[in-house]
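>>> Following is a predicted model, sequence given first.
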Amino acid sequence: MSAEVATYRFSVEECDKLGEAGIFDEDDRVELLDGEIIVMSPIGSQHAGVVMRLNAILSRRLGDRVLLNPQNPTMVDEFSEPQPDIMLLKPRADFYTTKHPGPEDILLLIEVSDTTLSYDRGRKLRKYAESNIGEAWIANPKNMTIEQFREPAGRAYAHTTSHHRGESISVAALPERFTVEELIG
């Protein structure tokens, strides 16, 4: 006779309470995905530099037509609060101080993936599609590509395009075009 193994699925509310109780230090890099607390990789200099570059270029080029939200959480459902590297959000007068942005607020979500490519392409991207986030990019500075995912369909995206050095890319909700080199070096 074998015993069933049970797991506990944390809600966003419960995970927030763990933080408030001091279980997590403010410097702990964790995110909640499908009720599991995921320990995130340390941020290396290449990753940090690409996030800063994206932040600067997107801010300069898009101005106040979007709110640029770097490395902050989005609540995609009751059990998931991932922290993508960059989000372009619909502007709101309160700057999302009353609640974290949700899928309906996101124009574009970007993951910079230099050490976590399989996680970002797999489980995390499935969660973004499942949550109906209209467009997500995975920027890979190691091979100078940006993978673009549009039109969520269940747990995947209907349209996937890979952009390489010398090519340009645009956000579906905005008219601007960017080159891969401009965005990730």
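Thanks, I have it.

>>> Can you verify my assumption that Leu125 contacts Gln148?
No - between Leu125 and Gln148 there is no contact under C-beta atoms under 8 Å: 11.5 Å. All C-beta atoms are positioned from the backbone trio N, CA, C, and that covers glycine.

>>> so what sits against both of these two?
Ala136 (C-beta atoms under 8 Å, 6 or more residues apart in numbering).

>>> Paired strands for the helix or strand that contains Thr160, with orientation please.
Thr160 belongs to strand 156-164 when assigned by DSSP states H and E. Here strand 156-164 is paired, per DSSP bridges, with strand 145-153 (antiparallel).

>>> What residues of the strand it pairs with count as buried?
145-150, 152 (16 or more other C-beta atoms under 10 Å).

>>> would you turn these into TSV with distance to Glu13 and pLDDT?
Rendered in TSV, the data for the buried residues of strand 145-153 read as follows (distance: C-beta to C-beta, whole Å; pLDDT from 0 to 100):
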residue	distance to Glu13	pLDDT
Thr145	37	97
Ile146	34	98
Glu147	33	98
Gln148	33	98
Phe149	29	98
Arg150	31	98
Pro152	25	98
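
>>> Gly122 in helix, strand or coil?
The assignment at Gly122 comes out as helix when based on DSSP: H, G, I helix; E, B strand; the rest coil.

>>> Now do the phi/psi pair for the residue nearest the centre of the chain.
Taking C-alpha atoms, centre = their mean, the centroid of the chain lies closest to Pro84, which sits 2.5 Å from it. Backbone torsions for Pro84, taken as degrees, to the nearest 10, come to phi -70, psi 160.

>>> Which pLDDT value does the model give it?
Listed pLDDT for Pro84 reads 96.

>>> Please apply the same query to Ser2.
66.

>>> Equivalent analysis for Ala93, please.
Checking the pLDDT column for Ala93, the value is 95.
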